Every structure is written in structure tokens, then in C-alpha cells.
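Engineer: The sequence and its predicted three-dimensional model are supplied below.
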Amino acid sequence: MLLQVLGTAAGGGIPQWNCACPGCSGARAHPRWRRRHASLAVRAGEGHWYLVNATPDIGDQIEARPGLHPGPGLRQTPVAGLVLTDAELDHTLGIARLREADGLQVLATSPVRRALRDRLQLGAVLGPYTSVTWRELPRRGAESLDGGTSTVQISGIPVSGKRPRYAADAPDDDAWVVALRLYDSVSGASAVYAPALAAWPDRLQQAAAEADLVIVDGTFWDDEEPRRAGISSRTATGMGHLPIDGPGGTAELLAPLAARCLYTHLNNTNPLVDPAAPQHKRLARLGIEVAHDGMEIEL
């Protein structure tokens, strides 16, 4: 199983266009601080890739990875489809960017699909340009990533009923936000990808305990970060993101795992944006890493 990390930033990217916080200012001064919106590419087969989440950076993310470039045919692309972990705008706005495709396959849970089709009217918007085939992301069991011959199996683990603001009045469902479990039936390797975590349910714990690789939500370093930075009156948990540090933080949950563990989806206020921040050493002592754009991981 081959994975490519296309981006590691939370909504707005780093730097965010209208923000002068230390993280964004640092990214403008130091290009190595820059991060595109969190996304992952998963190889379903030779020359056959699925992108996890469709961010506003999707065009640049594809161009940055030669394995995702089109060819040899004029409009032949290795990008076979999308997998969505939620319906948030920073994970779905890039769908419209792919309107030039001959056809588009999207795996998502039913509440996410309904939000995009009924609230954002994506079906009606994209209809004149391309055809979109929606596949239900399985919550129980697993199925081939490409729906056919791929040895990579995928399933969704519901982690939160957090709805995007544009669908705040939509019905409750625990699959508004899911973690993904990817399993290679040939190598036996498995990975968990969870860029947004408001909770850590038992099924996620089991999948993480059995995984070879775990990549999870690192939006905020601690629970008070959003209030301390002045970006919100709510805490990290109040905004739907488990913090990294502190009692009940995800670092405590990741440290005992046998898997290689990495953080993604960093907010611009997170001190980990600075490669020299001491928080990196604290995580390293626990055996935890921070993912960076462009990483390639083979399991």
C-alpha cells in the first residue's frame, strides 16, 4: 500500500490569506513552514489513485506529485476518484475543481452525500460538466477501494456527528465525520487516517491498535489554544477537535500504540507549524511525528 501526503494544514491553509498570526507570518517569511490543506493520496493499483478529501488546493496538490500527472493519453488521468471523511468546505470545495473529468467517483457516507447534493447543490452544479457517481462508504465491513479489483480495502469509522455550518440544522448522524481504515489484503498492512476528531470511540481505538500507521487530527496543540490565540471563544474540543496535549489529549492515546503515528491538519495557530518549536521534541520523546507535505509512505 502506497500513500502520499498531499497536505497537512487545517482550514485556510498555512499561511491563511487574511491572517497575520505568528504561524502565517512565519510561513510567509519561511517557505518550509507552508502547508497545503490536509489530504492524502492512496494507490488503488498501478497508475490508479484515490484522493482523500478534495481541498481548495487540489490542483496544486496534483501538480506537486508526478505520479498523479495525466498521460500518456491526452486526458488520461491516474486520479480515479475521491474519498470524503466529512462535508466540511475545506475538504470538499475541490470537487468542483475536477469538473473537467470525464466522470468522477466519490465515496462518502450518506449524510455527507446529502449535504453536498442538497445543501451545496453539487450535483446540479457539476451536471453540465461531468457525471458524478456516488458510492456509499461502508461503516461496517470493508470493500475494495475501487469497488472491484484493488487489494486495498476501505471502511469508515464514525467518530463524530459534527455537521458543517451550512448544514447545522441537518439530522443527527454519527457518520458526519469518519476516520478511514485502509487495509492491504496482500501485505496485511493497515492504516488509519482521521484528519478531524471530536471523539475517540472504541472502534477507532481498536483500528489504531491493529494498524501499522495512524495519521490523526493535530489541529490544536492544547484545548485553550483557540481562545488564547483570539480566533474563537470556544475551546479546541468545543470546536470539534481533540487537542494534542493535556489530560485526555491524543498524544496520550497515540504514545502506547505500536503503529507509526503522525499528526496532520495543523491549524495556523498551532506551535507545531514552526519546525523548530520545542513541542516537536516533546512528541519525538513519545515516538510521535508531525506529517509534512510531500511525504510518501509505503506499507
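Structural biologist: Happy to help now that I have it. Just so it is clear, the model here is predicted, and its values are computed rather than measured. Numbering: from 1, shown residues only.
Engineer: Ramachandran angles for A29?
Structural biologist: Per-residue torsions, A29: phi -80, psi -30 (degrees, to the nearest 10).
Engineer: any idea how far G230 is from it?
Structural biologist: Distance of A29 to G230, given as C-beta to C-beta, to the nearest Å: 21 Å. Where you see a C-beta, it was placed from the backbone N, CA and C, and this is true even at glycine.
Engineer: all strands for this protein, in order.
Structural biologist: Remark: strands assigned in the chain by DSSP state E are 2-7, 39-45, 48-52, 79-83, 103-108, 131-136, 143-144, 152-160, 177-184, 190-194, 213-217, 260-264, 288-290, 296-298.
Engineer: okay, the ones you listed, which one's buried deepest?
Structural biologist: For these, the largest average neighbour count (mean count of other C-beta atoms under 10 Å) is found in strand 213-217, namely a mean of 26.
Engineer: Now do the contacts for T269.
Structural biologist: By C-beta atoms under 8 Å, 6 or more residues apart in numbering, the contact set of T269 is C21, G23, F220, E225, P226, A229, I231.
Engineer: what's the spacing between the residue nearest to the third one when sequence neighbours are not counted and R43?
Structural biologist: This points to F220. Leaving aside its sequence neighbours, F220 sits nearest to A236 (C-beta to C-beta, 6 or more residues apart in numbering; 3.8 Å). Per C-beta to C-beta, A236 is found 33 Å from R43.
Engineer: got it, and D146?
Structural biologist: With the distance defined as C-beta to C-beta, D146 ends up 10 Å from R43.
Engineer: Over to L254?
Structural biologist: Per C-beta to C-beta, L254 is found 25 Å from R43.
Engineer: cool, A27 as well?
Structural biologist: As judged by C-beta to C-beta, A27 and R43 stand 29 Å apart.
Engineer: go on, A115?
Structural biologist: 28 Å.
Engineer: got it, and D102?
Structural biologist: To R43, D102 is 20 Å away according to C-beta to C-beta.
Engineer: The residue nearest to F220: neighbouring residues, count only.
Structural biologist: Counted with other C-beta atoms under 10 Å, residues neighbouring A236 total 27.
Engineer: Am I right that D184 is in contact with L145?
Structural biologist: No. The pair D184 and L145 does not pass the contact test of C-beta atoms under 8 Å, sitting 10.0 Å apart.
Engineer: Need the overlap of contacts for these two.
Structural biologist: V152, Q153.
Engineer: Now the helix or strand of the chain with the lowest mean pLDDT: buried residues?
Structural biologist: Among the helices and strands of the chain, helix 122-126 carries the lowest confidence by mean pLDDT, DSSP states H and E, at a mean of 93. Neighbour counts over helix 122-126 (16 or more other C-beta atoms under 10 Å) mark L122, L126 as buried.
Engineer: so what does it touch, helix or strand wise?
Structural biologist: On a contact count with 3 or more C-beta pairs under 8 Å, 6 or more residues apart in numbering; DSSP states H and E, helix 122-126 meets strand 131-136.
Engineer: Mind listing residues that contact the strand it packs on?
Structural biologist: Residues contacting strand 131-136 (C-beta under 8 Å, 6+ apart): 103-110, 113, 117, 122-123, 126, 147.
Engineer: And those, which is closest to L197?
Structural biologist: Set against L197, the nearest of the contacts of strand 131-136 by C-beta to C-beta is T109 (15.7 Å).
Engineer: surely the closest one meets I157?
Structural biologist: No. Judged on C-beta under 8 Å, T109 makes no contact with I157 at a distance of 10.7 Å.
Engineer: Now for those two: what residues contact both?
Structural biologist: R139, V178.
Engineer: Can you give me the distance of G127 to R32?
Structural biologist: Taking C-beta to C-beta, one finds G127 at 41 Å from R32.
Engineer: what about G23, how many neighbours?
Structural biologist: G23 has 26 neighbouring residues, counting by other C-beta under 10 Å.
Engineer: Next, work out how far apart the closest residue to A101 other than its chain neighbours and A208 are.
Structural biologist: Distances taken as C-beta to C-beta, 6+ apart place T130 nearest to A101, at 5.0 Å, with adjacent residues excluded. As for T130, its distance to A208 is 36 Å (criterion: C-beta to C-beta).
Engineer: Nice, that's everything, thank you.
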